[in-house]
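Enquirer: Here you go, sequence then predicted model.
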Amino acid sequence: MNIAPIPVATVAGDTIDVGAAIDRPTIVVLARNYG
Amino acid sequence: MLAQVAAAHDNIAARGGAAIGIAPAATYQARHLMETRIPFPLFLDPSLRVSRTLGIGTQSRVRYLLNLPAWCRWLRAFAVNRNQGRLTGHFSTLPGIAVVTAGGEVTFSHRGSGLGDYPPLEEVVGALDEAIGNRSDPA
């Protein structure tokens, strides 16, 4: 399973692939929301 | 879980790892958290593509309403004033956590069954250590 090519939005409004944010082993927290 | 990972961030970085957060919505809340409490990037995934790829996804309305363990976790959090704030996603969104390598490969994932269902941080850090190649050393 690979999630690198999946696009996500930054808080600045840009869209990047998740892989661009992961340059080392990384804990990815999938939150229900940021509230 | 974001708060727990944030509290352990220095430890995680010292091990050679990193952390990011992904949620469906609320750019303004993500920005506020990054400015005040969360020392790693937060992203938005309104279509839940990352979540669905990890096999986490959503739950039905019935499952949401009858998920007693999730309501118990909510009540415990409420009792210590750590209840969830303003809801910005959909009720059906499930939580989860994963460890992902630099190439995007998922080496560990947990699908939460409802609100607040995350594995112990020690288990996640152990999975991170395995991905890094570190010998296990509890966080």
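Expert: Now that the structure is in, tell me what you want to look at. Keep in mind the model is a prediction, meaning the values are calculated, not measured. Residues are numbered from 1 along each chain as shown, chains lettered A, B, ... in the order given.
Enquirer: what residue ranges in chain A score low on pLDDT?
Expert: For chain A, residues meeting the criterion pLDDT under 70 lie at A:35.
Enquirer: give me the number of residues near the residue of chain B found nearest chain A?
Expert: In chain B, the residue that lies nearest chain A is B:Gly104 (2.4 Å; C-beta to the nearest C-beta). Every residue, glycine included, has its C-beta placed from N, CA and C. Counted with other C-beta atoms under 10 Å in any protein chain shown, residues neighbouring B:Gly104 total 18.
Enquirer: A:Gly19 now?
Expert: Residues lying near A:Gly19 (other C-beta under 10 Å) number 17.
Enquirer: Now do the same for whatever residue of chain A ends up closest to chain B: helix, strand or coil?
Expert: Relative to chain B, the nearest point of chain A is A:Ala4 (2.4 Å; C-beta to the nearest C-beta). Classification of A:Ala4 by DSSP: H, G, I helix; E, B strand; the rest coil places it in coil.
Enquirer: got the contact list for it?
Expert: Residues counted as contacts of A:Ala4 (C-beta atoms under 8 Å, 6 or more residues apart in numbering or on different chains) are A:17-19, A:22, B:103-104.
Enquirer: Verify the stated contact: B:Gly16 with B:Ala131.
Expert: No - in this structure, B:Gly16 is not within contact of B:Ala131 by C-beta atoms under 8 Å, at 9.5 Å.
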